[in-house]
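Colleague: A structural model of the following input is requested.
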Amino acid sequence: MDKYFVIDVGGTDTKYGVLNQDADILEKGVTKTRSDQGLDGFLEFIKELYEEHGADTKGIAISMPGVIDEENGFCHTGGYLTFNQNQPFASLLSKKCNTKVHINNDGKCVALAEYWKGALKGCRNGLVMVLGSGIGGGII
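Modeller: Below you'll find the model as predicted:
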C-alpha cells in the first residue's frame with residue numbers, strides 16, 4: 001500500500017506523519033516550526049523531517065498558510081511565513097528532497113479532510129474555521 005509523508009506547518013509547531021492512501025496514520029510526531037532562518041533554512045528543516053521520517057514514501061503533502069496555487073505549487077503569499085511570498089515552494093522542495101511535493105492552504109486542507117473522513121462527511125455545505133497562530137478556514 002502506498003505511503004505519504006504529510007506535514008502541517010503551524011506558527012508554533014509543525015505536525016507530521018506517515019499516512020497510507022486511506023489516511024490511516026502509520027507514524028506521527030510534532031516539532032517546533034523553524035521559520036526564523038528564511039526560505040533556505042525552512043526548506044532544510046522540511047528536508048530533515050522527510051529524510052528522518054518519510055524517505056520511503058511516495059511523496060510529500062504539505063498544509064501551510066498563505067494564498068497558494070496548488071496546481072503549480074506556488075505560494076503567492078506565505079502568511080506568517082513571509083519569506084514564502086512569490087515562491088515556487090513545491091518545486092524548490094521537490095528538488096531538495098528528490099520526490100513529488102504537493103502544497104495547499106491549511107484552511108482548505110482541513111475542510112477537505114473533514115469532508116473526506118471527518119465531521120463534514122456527507123455534507124453538502126460546510127464551513128471549517130482554523131484558529132491557531134493565524135486564522136483561516138475552508139468552505140465546502
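Colleague: and Ser84, how far is that from Val30?
Modeller: Let me fix one detail, which is that residue 84 is Asn and not Ser. Using Cβ to Cβ, to the nearest Å, Asn84 is found at 21 Å from Val30. C-beta here means a position set from N, CA and C on the backbone, and glycine is covered the same way.
Colleague: quick one: which of the two has more around it?
Modeller: Asn84 (26 against 13; other Cβ atoms under 10 Å).
Colleague: could I get the contacting residues of the residue nearest to the more buried one when sequence neighbours are not counted?
Modeller: Nearest non-adjacent residue to Asn84, counting by Cβ to Cβ, 6 or more residues apart in numbering: Gly78, 2.9 Å away. Neighbouring residues of Gly78 by Cβ atoms under 8 Å, 6 or more residues apart in numbering: 64-66, 84-85, 87.
Colleague: buried subset of the residues you listed as a PyMOL selection?
Modeller: Here is the PyMOL selection string for the buried members of these, based on 16 or more other Cβ atoms under 10 Å:
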select buried, resi 64+65+66+84+87
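Colleague: neighbours around Val128, how many?
Modeller: 21.
Colleague: for it, which non-adjacent residue is closest in space?
Modeller: Nearest to Val128 is Ala111, by Cβ to Cβ, 6+ apart, at 4.4 Å.
Colleague: so how far is Asp22 from that neighbour?
Modeller: Applying Cβ to Cβ to Ala111 and Asp22 gives a distance of 19 Å.
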